[in-house]
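**Q** Sequence first, predicted model second:
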Amino acid sequence: MISKEQFDKEIEGIIINAIREDVGDGDHSSLACIPASAQGKAKLLVKDEGVIAGVEFAKQVFAYVDANMKVETLIEDGSHVKYGDIVFYVEGASQSILKAERLVLNAMQRMSAIATKTKQFVDLLEGTGTKILDTRKTTPGIRALEKWAVKIGGGENHRFALYDMIMLKDNHIDFSGGITKAINKTKQYLKDSKRDLKIIVEARNLEEIKEILETEGVYRILIDNFNYEDTRTAVRLIGNQCLTESSGGINEKTVRKYAECGVDYISSGALTHSVYNMDLSLKAV
């Protein structure tokens, strides 16, 4: 994953772009009927059940819109919430609260849905030693928020993007002329470019597992779309030579069985691309 400094810049960029997109040259609805001097207070109300996420992000949004706004946090990120819970109060200029409202809600509703789904997977894996990973199957422009939500839900982040880890998948392998060529070319590229990036290689069958193991320097093998029996065989073949990761349509019904095959990680795009937003409201008090 990327550094904290770079991650913080991603979050800052999301806020700047989202406010630009939503506010433009002014929130004319508020400007038209609410005096600039008017002060107000609002509460973040939960109308659903699950894991809350995005509280810290909301604080950053409020601070960006108006540094004078004050937030009183009642429930922290990662906590289980139910219908009727109040997560925080925000107090300050009424115009500022309304300017920030939609971004805060849009982000927290989606982040909470992702955190809730991630927590479900984490609970299903309890006791196995296998960790759940996200993927790059994220919403364009807000990847940092979605990966943040996975962490809040108890999951682990895979690579952030194409630039912070090498991942040789089926197309890379086929375009390179095979697994061994792809790995060797990659190692030479990293040496020539003086980059220190971990290498993950996808395997489509047990023969490809064996070929990958003939070459040193692979950090993790992606055991992709294997059945349970072949996954167990692959884990035995790999042993302690490198880490293992299962992927390929793994869901809540199958995740535990794959974990019991002995893999170190299971990756699931569903954590971020197949969720329903948590119902939240920001109400004046």
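**A** Received the coordinates, thanks.
**Q** hey, let's count contacts and neighbours off CA atoms from now on
**A** OK.
**Q** contacting residues for Thr128?
**A** Applying CA atoms under 8 Å, 6 or more residues apart in numbering to Thr128 gives the contacts Ala259, Glu260.
**Q** per-residue confidence at it?
**A** pLDDT recorded at Thr128 is 97.
**Q** Is it correct that it falls within a helix?
**A** No. Assignment of Thr128 by DSSP: H, G, I helix; E, B strand; the rest coil gives coil, placing it outside any helix.
**Q** mind listing the helices for the stretch 51-200 of the chain?
**A** 55-65, 94-124, 143-152, 170-176, 179-193 (DSSP state H, counting those that start in this stretch).
**Q** Of the ones you listed, which is nearest Val87?
**A** helix 55-65 (8.0 Å; CA to CA).
**Q** List the contacts of the closest one.
**A** Here helix 55-65 has contacts from 15, 69, 71, 76-77, 87, 96-97, 99-100, 103-104, 108, using CA under 8 Å, 6+ apart.
**Q** Return the angle between stretch directions for whichever strand or helix holds Gln6 and helix 94-124.
**A** Element membership of Gln6, judged by DSSP states H and E, is helix 4-23. With axes from the mean of the first three to the mean of the last three CA atoms, to 10 degrees applied, the angle from helix 4-23 to helix 94-124 works out at 130 degrees.
**Q** next structured bit after helix 4-23?
**A** Helix 4-23 is succeeded, C-terminally, by helix 28-33 (DSSP H and E).
**Q** In terms of secondary structure, what does that following helix contact?
**A** helix 94-124 (3 or more CA pairs under 8 Å, 6 or more residues apart in numbering; DSSP states H and E).
**Q** list the buried ones in the helix it packs on?
**A** Buried residues in helix 94-124, defined by neighbour count with 16 or more other CA atoms under 10 Å: 94-105, 107-122, 124.
**Q** Please apply the same query to stretch 215-223.
**A** Gly217, Val218, Arg220, Ile221, Leu222, Ile223.
**Q** for the helix holding Gln6, which positions count as buried?
**A** Phe7, Glu10, Ile11, Glu12, Ile14, Ile15, Ala18, Ile19.
**Q** Who are the contact partners of the closest residue to the third one other than its chain neighbours?
**A** On the basis of CA to CA, 6 or more residues apart in numbering, the spatially nearest residue to Ile11 that is not a chain neighbour turns out to be Ala144, at 6.4 Å. Contacts of Ala144 were listed using CA under 8 Å, 6+ apart, and they are Phe7, Glu10, Ile11.
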